[in-house]
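Student: All I have is the shape, not the residue letters:
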């Protein structure tokens with residue numbers, strides 16, 4: 001009897017059990033680093049709110065508090081009070097308790113100094129890593145003392161009122177003065193005195209004593225700038241005629257303030273005529289008599305008018 005042939009067809013491998021498949025899956029998923037990172041992330045998400053509630057708030061720490069002694073501003077001129085920075089910080093409520101980490105601190109400091117009458121412009125505000133605050137400032141400078149019925153008021157070259165309390169009585173005579181001003185300031189220091197006679201006189205004072213240098217003012221022995229009795233001129237300071245008066249009482253018809261678009265000699269030409277007058281006569285008090293020295297003409301001459309005639313001419317319609 002013939003033997004049956006064995007089948008040479010390969011057997012199919014047995015299907016792995018479920019447990020075997022699960023073991024392989026766990027083995028493939030096992031990554032120690034990945035598992036560690038996932039665990040850390042879960043822990044951080046759980047504990048972070050708790051830690052934030054209990055960690056110290058840096059902005060409230062004393063070492064990050066604003067110290068007025070560490071606020072450094074541009075070097076002020078001599079007329080700015082010594083306690084200037086402290087006064088500004090206290091007035092704005094920034095002297096104590098403010099954190100250097102406050103995101104609004106730089107803006108608040110800039111706004112506080114911009115409100116100060118002595119400050120014309122605030123530049124950069126920088127909070128350094130050394131916890132010092134550096135602020136670039138451009139200051140206003142006194143150019144003129146305005147005589148009024150209520151006392152003297154200082155203004156800068158643009159007619160901005162400066163704090164009168166920052167000046168001693170002796171200081172008020174260290175600047176050019178203007179007389180015959182009919183108005184009083186209506187705003188606080190740091191605001192413009194809205195009187196064209198004041199703004200025009202301030203420009204004239206800044207020219208005659210640039211940067212507070214009184215050399216030219218003293219050279220001509222000037223006592224004051226005189227505003228006209230009726231200075232309105234439609235509110236235009238460029239159309240207001242000014243006079244100068246010397247210490248001896250001699251009046252000089254100067255004319256319009258510097259910068260005016262007028263049919264008059266330039267300010268430098270007018271000063272040149274005053275210099276020529278002094279060279280020729282030695283003093284503005286010569287010749288003796290009630291004369292007005294007029295330097296406003298284009299013909300390069302200096303005219304002498306009797307005071308009574310000059311006043312009559314100034315009241316005529318031609319001069320208005």
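Tutor: On my side now, so go ahead. Predicted, not measured: the structure shown is a model, and the values here were computed from it. Numbers count the residues shown, from 1 in each chain.

Student: Tell me which helix or strand the closest residue to residue 212 other than its chain neighbours sits in.
Tutor: The spatially closest residue to residue 212, leaving aside those adjacent along the chain, is residue 141, at 6.4 Å (Cβ to Cβ, 6 or more residues apart in numbering). Glycine gets a C-beta too; all of them are placed from N, C-alpha and C. Of the helices and strands defined by DSSP states H and E, none includes residue 141.

Student: Distance of residue 141 relative to residue 283?
Tutor: Computed as Cβ to Cβ, to the nearest Å, the residue 141 to residue 283 distance reads 31 Å.

Student: For the stretch 101-250 of the chain, which residues score under the pLDDT cut-off?
Tutor: 231-235 (pLDDT under 70).

Student: At which residues are the helices of the stretch 151-300 of the chain located?
Tutor: 196-208, 215-219, 267-281 (DSSP state H, counting those that start in this stretch).

Student: nearest to residue 293, of the ones you listed?
Tutor: Shortest distance between residue 293 and those, using Cβ to Cβ, is found for helix 267-281: 6.8 Å.

Student: by contact count, what packs against the top strand by length along the chain?
Tutor: Assignment by DSSP state E gives strand 119-127 as the longest strand of the chain. Applying 3 or more Cβ pairs under 8 Å, 6 or more residues apart in numbering; DSSP states H and E, we find strand 119-127 packed against helix 105-114, strand 133-139.

Student: export the ones you listed to JSON lines and tack on distance to residue 148?
Tutor: Formatted as JSON lines, the helices and strands packed on strand 119-127 follow (distance: least, Cβ to Cβ, whole Å):
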{"stretch": "helix 105-114", "distance to residue 148": "27"}
{"stretch": "strand 133-139", "distance to residue 148": "24"}
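
Student: To residue 71, which of those lies closest?
Tutor: Closest to residue 71 of these, according to Cβ to Cβ: strand 133-139, at 4.7 Å.

Student: Past that closest one, which element shows up next along the chain?
Tutor: Going down the chain from strand 133-139, the next helix or strand is strand 144-148, by DSSP H and E.

Student: Neighbouring strands - and their directions - for that next one?
Tutor: Sheet pairing of strand 144-148 (DSSP bridges) gives strand 151-155 (antiparallel), strand 177-179 (parallel).

Student: want to throw these into JSON lines with distance to residue 261?
Tutor: Shown next, in JSON lines, are the strands paired with strand 144-148 (distance: least, Cβ to Cβ, whole Å):
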{"stretch": "strand 151-155", "distance to residue 261": "23"}
{"stretch": "strand 177-179", "distance to residue 261": "22"}
